[in-house]
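Asker: next input, structure requested:
(one chain, ligands or ions: 2)
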Amino acid sequence: MDNEYYIKQMEKYADEKGVPIMEKDGIVFLSEFVKLNKIKNILEIGTAIGYSAINMALADEDVNVTTIERDKTRYIEAVKNVKKLKLDDRITLILADALDFNTSEMYDLIFIDAAKSQYMKFFTKFSKNLKPRGYIVTDNIKFHGLVSSDKTKMSKNLRQLVSKLERYIVFLKDNKEYKTRFFDIGDGVAISRRKKNEQEENTYEN
Ligand code: SAH
Ligand code: MG
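Answerer: Ligands and ions are numbered 1, 2, ... in the order given. As a prediction, this is how the structure comes out:
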């Protein structure tokens, strides 16, 4: 069986079990980004069944991914999928709550795709593991169109979650250390890059 077959199988599994893997255009965009920017070491928060980790690893042979998942069933599924694609030597799977997981490794890219209510905590906690000119990518920044929409009809829980995401977006926009670009791709992707210095405005061109 080839890679494409296993990837389709994962998409089907996610669809049937309601696992929120990245949308197709989002994962294509992220894989391209990894390839174009010669990203080598990635830390992913939120493995689910390994779909995005596998796609990023397949972007280039030099890519290594460490990925954290707190749900045991999903973690086990991810282990199986990584084995099927023979990527065990390049993808390290960790069963843990990311907020309890500590590492001194340094990464070129940190991909945040876990509990939306904790985005700011993940960003702050793992920024110490980001190489000087590294990127922090955040998925689901639009939250299915709920961000910046009318909150009056939402349940209290949902309203609080959407407000948290909106505060996270403001946190990214106001962040003096990072320059963030927002992309209307998939469910909304933000790419934050650590600036060379605080005066720098356009970080991507140089
Ligand atoms: N990146 C995956 C999708 C991840 S879905 C892909 O695109 O293929 C989000 C996952 O994050 C869920 O499986 C959830 O269990 C996990 N998660 C949420 N909060 C977490 C935390 N604090 N630590 C580790 N995993 C977490
Ligand atoms: Mg996501």
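Asker: near ligand 2, which residues of this protein show up?
Answerer: Where the chain comes near ligand 2, counting by CB under 5 Å from the ion, the residues are 113, 139, 140. Backbone N, C-alpha and C define where each C-beta goes, glycine included.
Asker: looking at those residues, spot the one nearest residue 196.
Answerer: Nearest to residue 196, judged by CB to CB, of the residues of the chain next to ligand 2 is residue 139 at 25.8 Å.
Asker: is the closest one bridged to anything, and to what?
Answerer: residue 189 (DSSP bridges).
Asker: of all of this structure, which residue lies closest to ligand 2?
Answerer: residue 139 (3.7 Å; CB to the ion).
Asker: what number of residues lie near that residue?
Answerer: Neighbour count of residue 139, defined by other CB atoms under 10 Å: 27.
Asker: what packs against the least confident helix or strand in the chain by mean pLDDT?
Answerer: Every helix and strand of the chain was ranked by mean pLDDT, DSSP states H and E. The lowest is helix 156-174, at a mean of 93. Other elements packing on helix 156-174 under the criterion 3 or more CB pairs under 8 Å, 6 or more residues apart in numbering; DSSP states H and E are helix 119-126, strand 178-183, strand 189-194.
Asker: returning to that earlier point: tell me which of the residues of the chain next to ligand 2 is nearest to ligand 1?
Answerer: Nearest to ligand 1 among those is residue 113, at 3.8 Å by CB to the nearest ligand atom.
Asker: quick check: the closest one touching residue 43?
Answerer: No. Contact status for residue 113 versus residue 43: not in contact, 11.3 Å apart, counting by CB atoms under 8 Å.
Asker: follow-up on the earlier one: any chance of the helices and strands packed on helix 156-174 in TSV with mean pLDDT and mean neighbour count as columns?
Answerer: Listed next are the helices and strands packed on helix 156-174 as TSV, based on pLDDT from 0 to 100; neighbours: other CB atoms under 10 Å:
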stretch	mean pLDDT	mean neighbour count
helix 119-126	98	18
strand 178-183	97	17
strand 189-194	97	22
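Asker: so residue 68 sits in a strand?
Answerer: Yes. With DSSP: H, G, I helix; E, B strand; the rest coil as the criterion, residue 68 is part of a strand.
Asker: pretty sure it contacts residue 101?
Answerer: Yes. Between residue 68 and residue 101 a contact is recorded at 5.6 Å, counting by CB under 8 Å.
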